[in-house]
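[1] Got a predicted model here, sequence first, then my questions.
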Amino acid sequence: MRDRKNIEMHELIGLDVEIKNSTNPNQIGKRGKIVDETYHMLIIEENGERKMIMKKGAKFGFQLEGKNVTIKGDKINYRPHERIKKLMRRRIK
């Protein structure tokens with residue numbers, strides 16, 4: 001189950017997201033649904049248009065269980081399957 005403590009270790013595709021901070025000021029405040037994820041990018045769909053957002057240097061806001069959760073893009077800047085493995089290993093140690 002996704003919650004604010006383990007959001008980085010879960011699948012992000014399908015979640016609604018807001019760009020809280022970015023190295024590209026034009027992306028700040030954009031909202032949409034995550035439709036894909038690559039090593040360095042989240043691809044969000046906003047009003048039928050897809051936007052590619054760099055993870056590095058950005059902060060992403062999510063609504064989970066009625067609460068706002070913000071995560072740093074640098075913390076999730078891995079391929080999705082690698083991110084889950086690496087973060088699980090760190091948590092176990």
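    Cool, the structure landed.

[2] and residue 31, how far is that from residue 19?
    8 Å (C-beta to C-beta, to the nearest Å). Using the backbone N, CA and C atoms, a C-beta is placed for each residue, glycine as well.

[3] Need the overlap of contacts for those two.
    Both residue 31 and residue 19 lack any common contact, where contact means C-beta atoms under 8 Å, 6 or more residues apart in numbering.

[4] Identify the residue spatially nearest to residue 51, adjacent ones excluded.
    Distances taken as C-beta to C-beta, 6 or more residues apart in numbering place residue 44 nearest to residue 51, at 5.3 Å, with adjacent residues excluded.

[5] OK, contacts around that neighbour?
    With C-beta under 8 Å, 6+ apart, residue 44 has these contacts: 17, 30, 31, 32, 33, 34, 35, 50, 51, 53.

[6] what helices or strands is the helix or strand containing residue 20 leaning on?
    Assigned by DSSP states H and E, residue 20 belongs to strand 16-21. If contacts are counted by 3 or more C-beta pairs under 8 Å, 6 or more residues apart in numbering; DSSP states H and E, strand 16-21 sits against strand 31-37, strand 59-64.

[7] re the thing from before, report the separation between the residue nearest to residue 51 and residue 5.
    On the measure of C-beta to C-beta, residue 44 and residue 5 end up 23 Å apart.

[8] I am finished for the moment; much appreciated.
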